[in-house]
Each structure stands twice: as C-alpha cells, then as structure tokens.
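J.: Sequence first, predicted model second:
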Amino acid sequence: QVQLAESGGGLVQAGGSLRLSCAASGSIFNFNVMGWFRQAPGKQRELVASVTSGDTKNYADSVKGRFTISRDNAKNTVYLQMNSLKPEDTAVYYCNLRLVIPPRVDDYWGQGTQVTVSA
C-alpha cells in the first residue's frame with residue numbers, strides 16, 4: 001500500500017509564491033512518476049506538473065516558467081514551487097504517484113490541499 005502526505009497550500013495574493021510538498025511511503029518501486037494535479041470548482045482535474053524517477057519533467061502550458069517541480073528520491077518526496085501565482089491557479093491541488101510495473105499501472109492520490117490566490 002502507498003500513502004501520500006501533502007503539505008503546503010493556503011491563501012496568497014496574486015504575484016505571490018507557495019510551495020507544496022508530498023511525501024510518499026509504503027511499497028514504492030524504483031520506477032515511478034510523481035506529480036501534481038489540480039481541480040478548480042466546476043472543472044476537470046488537470047495535470048500541473050510531473051517528474052519521473054529519472055528526473056524527466058513535464059509541465060502544463062499554463063504554468064511553464066512559473067512553477068517548478070522537483071523530487072528527492074531518497075525521501076520519496078516531490079515538491080512544487082509556485083511563483084507568480086494568478087487567481088486562475090486557485091484550485092485543490094492533488095499529489096499523484098504512478099507506479100509502472102508492466103503490465104500494471106497504478107495511481108495513488110493525496111487528500112488534496114487548497115490553494116487560493118486572491119486578486
């Protein structure tokens with residue numbers, strides 16, 4: 001079993017910064033992808049950023065140049081540094097861990113943390 005513990009989030013003014021953290025524990029194998037998704041009210045959950053255990057990173061176009069994802073493999077922790085925040089970044093942010101053990105792909109989710117950006 002895998003558990004994800006998120007921290008960070010909160011209320012910030014536009015232009016400000018926040019840092020999210022997510023620590024994974026349990027049966028975590030070598031190859032995995034960790035990332036952050038977000039869901040705003042009335043909208044679908046969307047990928048914000050992800051990073052593989054080999055440090056390949058992927059970002060949504062809307063956050064490129066403002067958000068930075070990183071991970072500490074020794075701690076099984078992923079971070080999301082969010083700068084130049086905009087009101088449209090307001091959402092519940094979910095940590096995700098994807099384990100790839102062919103032919104299986106298993107997704108695990110954190111409980112979500114609220115990020116609110118005021119204008």
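T.: Perfect, I can see it now.
J.: and the most centrally placed residue in the chain, what does it touch?
T.: Nearest residue to the geometric centre of the chain (Cα atoms, centre = their mean): residue 36, 2.0 Å. By Cβ atoms under 8 Å, 6 or more residues apart in numbering, the contact set of residue 36 is 20, 22, 47-50, 69, 78, 80, 93-96. Where you see a C-beta, it was placed from the backbone N, CA and C, and this is true even at glycine.
J.: now it, which residues is it bridged with?
T.: Residues in a beta bridge with residue 36, per DSSP bridges, are residue 49, residue 95.
J.: Can you check the pLDDT for it?
T.: Turning to residue 36, the model gives it a pLDDT of 98.
J.: one step back: could I get the contacts of residue 36 as a markdown table with pLDDT and distance to residue 28?
T.: Output for the contacts of residue 36, formatted as a markdown table (pLDDT from 0 to 100; distance: Cβ to Cβ, whole Å):
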| residue | pLDDT | distance to residue 28 |
| --- | --- | --- |
| 20 | 98 | 19 |
| 22 | 96 | 12 |
| 47 | 98 | 20 |
| 48 | 98 | 21 |
| 49 | 98 | 19 |
| 50 | 97 | 16 |
| 69 | 98 | 17 |
| 78 | 95 | 12 |
| 80 | 98 | 19 |
| 93 | 98 | 21 |
| 94 | 98 | 18 |
| 95 | 97 | 13 |
| 96 | 96 | 13 |
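J.: Going by neighbour count, which of the residues you listed are buried?
T.: Buried members of the contacts of residue 36, counted by 16 or more other Cβ atoms under 10 Å: 20, 22, 48, 49, 50, 69, 78, 80, 93, 94, 95, 96.
J.: ok, back up a step: tell me the one among the contacts of residue 36 nearest to residue 113.
T.: Top of the list for closeness to residue 113, among these and by Cβ to Cβ, is residue 93 at 5.4 Å.
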